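Undergrad: Sequence and predicted structure, then a few things I'm wondering about:
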Amino acid sequence: MQAIRSILVVVDPVQPDGPALKRARLIASVTQSHLHLLACQKGDDLLTSLEDLAAELREEGYSSSCRQAWHDSLQGTIIAEQQAEGCGLVVKQHLPDSPLKKALLTPDDWKLLRHCPAPVLLVKNTLPWAGRNILAAVDVGNSDIEHRSLHASIVSHAYDIAGLTHGQLHVISAHPSPMLSAADPTFQLSETIEARYREACKAFQAEYGVDDEHLHIEEGPADVLIPRTAHQLEAAVTVIGTVARSGFSGALIGNTAEVVLDALESDVLVLKPDDIVAHLEELAAKV
């Protein structure tokens, strides 16, 4: 988070100075990042108000710029601008789609999370972050290099946000239910499964100073446990990651991140492993 030099803020044409910009300003006030305001709309009818807003930010001491653009789709416009400006973070307000619309069409924010090379912060409410809990969701059951790198990034970003907001960092990892048919006896008893997951979390605890009180190892599906734990903790931000599915062309976000997006009450920061980021940047360069 501290390494972010430029933030792309997707502004709402109806309310340019909305929740997304407020979150971006908070982050930029600590990281000294440049704020690049983007209005995804055809024409130039918003440009004057955008320029006025960017000027106000500069008067407040922020480095800022702005642009109004449209490239065939919302996510395409955002990604094109993120690549052109070299932004290390995209901040956008999330407005949930109706169940009917989601059943018929892939939501725009899902598309953005799937294809954007940069981390994406989706702002879901206007509550202040100060002094509140930050939740990092990891899957310690996957210990391959790709997941370990992603886990480290998730916890690191969550730790940075907790420092930014003077909040407490919590870590959650869901583990599977016992399976009597499992070949490995470890997965036949709930107690041994939890013990194995807690053992795997010790590295996180040692590196980031997360004690047992702030570590949540629970049995059940992650898409249920993550929103429930975030609600119980009244988390300000939930940090989650995604790894590409195999067998699909391109890089796609994991189902968990998509499912929990609307279920979470907190803001959501979504991260990707370095190899997926590199692949998405290659795809974006070809457009």
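TA: That came in fine, so what should we check first? Numbering: from 1, shown residues only.
Undergrad: Next, the buried residues of stretch 21-31.
TA: 21-28, 31 (16 or more other Cβ atoms under 10 Å). Just so you know, the C-beta spots here come from the backbone N, C-alpha and C atoms, and that holds for glycine as well.
Undergrad: From residue 242, how far out is residue 66?
TA: 29 Å (Cβ to Cβ, to the nearest Å).
Undergrad: Tell me how the chain divides into domains.
TA: Following automatic domain parsing, the chain resolves into domains at 6-123, 134-286.
Undergrad: need the least confident one among these, by mean pLDDT.
TA: Note on the domains of the chain: lowest mean pLDDT is at domain 134-286, with a mean of 77.
Undergrad: follow-up on the earlier one: could you list which of the buried residues of stretch 21-31 belong to helices?
TA: Members of the buried residues of stretch 21-31 lying in helices (criterion: DSSP state H): 21-28, 31.
Undergrad: between those residues, which is nearest residue 113?
TA: Using Cβ to Cβ, residue 23 comes nearest to residue 113 of those, at 16.7 Å.
Undergrad: Now the closest one: closest residue in space, sequence neighbours ignored.
TA: Counting by Cβ to Cβ, 6 or more residues apart in numbering, residue 123 is the residue found nearest to residue 23 once chain neighbours are left out, at 5.1 Å.
Undergrad: how about that neighbour, phi and psi?
TA: phi -90, psi 120 (degrees, to the nearest 10).
Undergrad: Next: the one 3 residues further on.
TA: The main-chain torsion angles of residue 126 are listed as degrees, to the nearest 10 and equal phi -110, psi 10.
Undergrad: Contacts only, for the residue nearest to it when sequence neighbours are not counted.
TA: Nearest in space to residue 126, with sequence neighbours left out and distances taken as Cβ to Cβ, 6+ apart, is residue 19 at 5.1 Å. The contact partners of residue 19, taken as Cβ atoms under 8 Å, 6 or more residues apart in numbering, are 93, 123, 125-126.
Undergrad: at 7 Å instead, please
TA: By Cβ atoms under 7 Å, 6 or more residues apart in numbering, the contact list for residue 19 reads 93, 123, 126.
Undergrad: Against residue 273, how distant is it?
TA: Residue 19 is 28 Å from residue 273, by Cβ to Cβ.
Undergrad: thinking residue 134 is in contact with residue 171, fair?
TA: No. Counting by Cβ atoms under 7 Å, residue 134 stays clear of residue 171, with 9.7 Å between them.
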